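Chemist: Coordinates for the following, if possible.
(one chain, ligands or ions: 1)
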Amino acid sequence: MLINHLHPKFGISIENIKITKLNEEQKFQLINLFEQYSLIIIRNQNIKNEDQINFTKIFGKLEITKPGTLGSNSNLVILTNLDEFGNVVDTSHKQSKNDKANQQWHSDSSFKIIPAQASILSGKQIPSEGGNTEFVSMRVVYENLDQELKDKINNLKAIHHFAHSRSKIDKNLVSKIEYEKFPPVIQPLIKINPKNKKRALYFGSHTVHIKDMQPNESVNLLNYLNEFATEDRFIYSHKWKKNDLLIWDNRAIIHRGKNYNPKQARYLVRTTVEDTSSVAQYLNEKR
Ligand SMILES: [Fe+2]
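Modeler: Below is the predicted model of the structure:
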């Protein structure tokens, strides 16, 4: 495998591999690179959805796509501004608003009781300008915090709620079924990778507040951490080309989409692996 570094502290691109033709040693190597670098980009992967699903199984158990998302009940999340007839939707359309919601920094599925480990995203149709996906390694961010702050936050927990991230775009964006299926959950503010024990901050657009903390103190802490984490020096911005395949570790990475011309077609396919080693708790245990 030919490896290039994307950011001084995280992320690599790999050349000269086809994900449909990996041998066992290459799969093993890929998992190790994923654990170490948190973000992998492989270009020129003209693959079918089935190929992507098979590839994703290398990393673990696949998520079933939730209600209210294109691809519901399959292993695919379809991120697109095209409707079922292939026409670009209006910016008032639910798909467009969800796209806007994904332009907030987040870790995929952090609102779920079983959050996400890897997300794998394949670029099928790419707008000519804009539409980058940006990444921050929360491991690198954590390493750069003052020791005093690390000590203060190491054992904190935070409440994550799907409705919270959507309400920032449109109060009516969450459907009844999504609201009922995804009540608030409690996640650790620091995730520790079970293999290499590296620590990463864990919060994003789904994070409502810090558990057992005064509201204004919680707002101040999250604002501070958010501003610190998203300083330019921590960001890698990916400019998409058709058939790019991106793999990132939601335990260590936050990401966001960027604006693009809403009249141009965009079609990305995501598969997601469950983080079965880090199951959350419901805020309301009566469930
Ligand atoms: Fe995402």
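Chemist: Which of the helices or strands spans L149?
Modeler: helix 147-153 (DSSP states H and E).
Chemist: same thing with A200?
Modeler: Counting by DSSP H and E, A200 is found in strand 199-201.
Chemist: just checking, what packs against that strand?
Modeler: helix 138-143, strand 190-192 (3 or more CB pairs under 8 Å, 6 or more residues apart in numbering; DSSP states H and E). (Glycine included, C-beta is placed from N, CA and C.)
Chemist: could I have the helix holding L149 exported to CSV, CA atoms only?
Modeler: Extracted in CSV, the C-alpha atoms of helix 147-153 (Å, rounded to 0.1, in the frame of the first residue of the first chain):
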residue,chain,number,x,y,z
GLN,A,147,-3.5,19.2,31.8
GLU,A,148,-5.8,21.1,34.3
LEU,A,149,-8.7,21.0,31.8
LYS,A,150,-8.1,17.4,31.0
ASP,A,151,-8.2,16.5,34.7
LYS,A,152,-11.5,18.5,35.0
ILE,A,153,-13.3,16.8,32.1
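Chemist: where's S165, which helix or strand?
Modeler: helix 162-167.
Chemist: Of the helices and strands packed on strand 199-201, which is nearest S107?
Modeler: helix 138-143 (8.0 Å; CB to CB).
Chemist: mind listing the helices in this structure by residue range?
Modeler: With DSSP state H as the criterion, the chain has helices at 24-37, 49-56, 94-101, 138-143, 147-153, 162-167, 176-181, 215-229.
Chemist: Could you list the buried residues of the second one?
Modeler: Using 16 or more other CB atoms under 10 Å as the burial criterion, the residues of helix 49-56 that qualify are N49, D51, Q52, I53, F55, T56.
Chemist: Pick the one among these closest to D275.
Modeler: Nearest to D275 among those, with distances taken as CB to CB, is T56, at 13.6 Å.
Chemist: I am assuming the closest one contacts A118, so please confirm or correct that.
Modeler: Yes. Shown here, T56 and A118 form a contact pair, counting by CB atoms under 8 Å, at 7.2 Å.
Chemist: Quickly list what's touching both of those two.
Modeler: Contact criterion CB atoms under 8 Å, 6 or more residues apart in numbering; residues shared by T56 and A118: T272, V273.
Chemist: Span of stretch 193-205 from start to end?
Modeler: 21 Å (CA to CA, to the nearest Å).
Chemist: quick one: low-confidence ranges for the protein?
Modeler: Scanning the chain for pLDDT under 70 picks out 286-287.
Chemist: rerun at 50
Modeler: Scanning the chain for pLDDT under 50 picks out nothing.
Chemist: Show me which residues of the longest strand anywhere in it are buried.
Modeler: The single longest strand within the chain, with elements called by DSSP state E, is strand 116-125. Within strand 116-125, the residues that count as buried by 16+ other CB under 10 Å are A116, Q117, A118, S119, I120, L121, S122, G123, K124.
Chemist: out of those residues, what pair is the most spread apart?
Modeler: Q117 and K124 (23.3 Å).
Chemist: I am finished for the moment; much appreciated.
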